[in-house]
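Chemist: quick one, what's the 3D model for this:
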Amino acid sequence: MPVPLISGTTPPRRPRRGVPLPPLQIPTPLRTLPEQIAASLRQAILRGHLRPGAHLVETSIAEQMRTSRGPVRDALLLLERDGLVAKLPNRGTRVLDFSERTLREAATLRAALEEFAITLLVPRLRSDEIRRLEAIVCRLEAAARRRAARDFDEADFRFHDAIFETCDHQILHEVWKGMQDRIRAFQVSSNWVSGKLPAVAQRHRAILRALASRKLSSVQRALRAHFEDLYKELDLLLAEQSGDGGRGHPKKLPGRRTGLSPERSRARSRHS
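Modeler: Reported below is the predicted structural model:
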């Protein structure tokens, strides 16, 4: 049963700085208090109720969530780790750019980088590296069964980070690490809007099976199928932000069937 939104309460006194807060969900005892506060703020950010640059004031959030500032501070740290907010010196915590363009560029660039990484990884993949990825997928599946979203997001990131780390291309791994904030924000948002953690875990299991076969074409198919689903989830998220509830016509990504082949997309459109 969804947690009811706060209603009928007296709005807290507006702080000297910051923006008015949208209605936030009252915490429930299912997760730790900081995780619940972070989940409510994450929902407001992903749905566009808190815009890029919005100043998040701990006292205002604490008053509306009916708690002290400590759990709010911890919640903001969780969101900072997810790449959704940033704490700026002498300027407090602000929502990062989470625009449609930013999300789509992060998605397509991540797909391009990861496909390049597997072309390097597959010819040199060792059994111990397969076992390492297997352990991560097992954690991912266990988190999906428990519906432990934070553990799931962490295992999801670790799986893809292991691919970049293991492909033995230092600059490529540095580029990936430099995108961590955007990658984490994209992963968290796609997992959040999907809501089907077991299905996402199955996609990672399919990538792992393909890697274990050491057939590059199989890995490419599994990875592209994974990104195709991520693109669909991104469309749903952007529909949520635009307020059409998914009834509109989301924009198409170039080459989105494979994540990297605009030529195939153009060829298919010529035959349609």
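
Chemist: C-alpha only now, for contacts and for neighbours.
Modeler: OK.

Chemist: what separation is there between residue 174 and residue 100?
Modeler: Residue 174 sits at a distance of 25 Å from residue 100 (criterion: C-alpha to C-alpha, to the nearest Å).

Chemist: hmm, I was thinking of residue 50
Modeler: For residue 50, the distance to residue 100 - C-alpha to C-alpha - is 14 Å.

Chemist: more crowded one of those two?
Modeler: residue 50 (23 against 15; other C-alpha atoms under 10 Å).

Chemist: how about that one: what's its closest non-neighbour residue?
Modeler: Residue nearest to residue 50 in three dimensions, not counting chain neighbours: residue 44, with 5.7 Å by C-alpha to C-alpha, 6 or more residues apart in numbering.

Chemist: and for that neighbour, the neighbour number?
Modeler: Residue 44 has 19 nearby residues by other C-alpha under 10 Å.

Chemist: mean confidence for the helix or strand where it lies?
Modeler: Assessed by DSSP states H and E, residue 44 sits inside helix 33-46. Average pLDDT, helix 33-46: 84.

Chemist: which strands and helices sit next to that helix?
Modeler: If you count contacts as 3 or more C-alpha pairs under 8 Å, 6 or more residues apart in numbering; DSSP states H and E, helix 33-46 packs onto helix 69-81.

Chemist: picking up where we left off before, what angle do the helix holding residue 44 and helix 69-81 make?
Modeler: 50 degrees (axes from the mean of the first three to the mean of the last three C-alpha atoms, to 10 degrees).

Chemist: who does whichever helix or strand comes after helix 33-46 pair up with?
Modeler: Once helix 33-46 ends, the next helix or strand along the chain (criterion: DSSP H and E) is strand 55-56. The pairing partners recorded for strand 55-56 under DSSP bridges are strand 92-95 (antiparallel).

Chemist: now the partner strand - C-alpha only, PDB.
Modeler: Provided in PDB are the C-alpha atoms of strand 92-95 (Å, rounded to 0.1, in the frame of the first residue of the first chain):
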ATOM      1  CA  GLY A  92      24.700  24.000   0.800                       C
ATOM      2  CA  THR A  93      23.300  21.000  -1.000                       C
ATOM      3  CA  ARG A  94      21.800  21.500  -4.500                       C
ATOM      4  CA  VAL A  95      20.000  19.300  -7.000                       C
END
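
Chemist: go ahead and name everything in contact with that strand.
Modeler: 45, 50-57, 76, 84-88 (C-alpha atoms under 8 Å, 6 or more residues apart in numbering).

Chemist: pull out the buried positions in the lengthiest helix in the chain.
Modeler: Taking DSSP state H as the criterion, the chain has its longest helix at helix 216-242. Taking 16 or more other C-alpha atoms under 10 Å as the neighbour-count basis, helix 216-242 is seen to contain the buried residues 216, 218-220, 222-241.

Chemist: next, the angle from it to helix 33-46.
Modeler: Going by the same axes, to 10 degrees, helix 216-242 makes 80 degrees with helix 33-46.

Chemist: which strands and helices sit next to helix 216-242?
Modeler: helix 100-121, helix 180-194, helix 197-213.

Chemist: what mean pLDDT does that helix get?
Modeler: 86.

Chemist: quick one on the thing from earlier: now the buried members of the contacts of strand 92-95.
Modeler: 45, 50-57, 76, 84-87.

Chemist: any chance of those in TSV, with distance to residue 186 too?
Modeler: As requested, the buried ones among the contacts of strand 92-95 are exported to TSV (distance: C-alpha to C-alpha, whole Å):
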residue	distance to residue 186
45	12
50	17
51	16
52	15
53	18
54	19
55	21
56	21
57	24
76	17
84	9
85	13
86	15
87	19
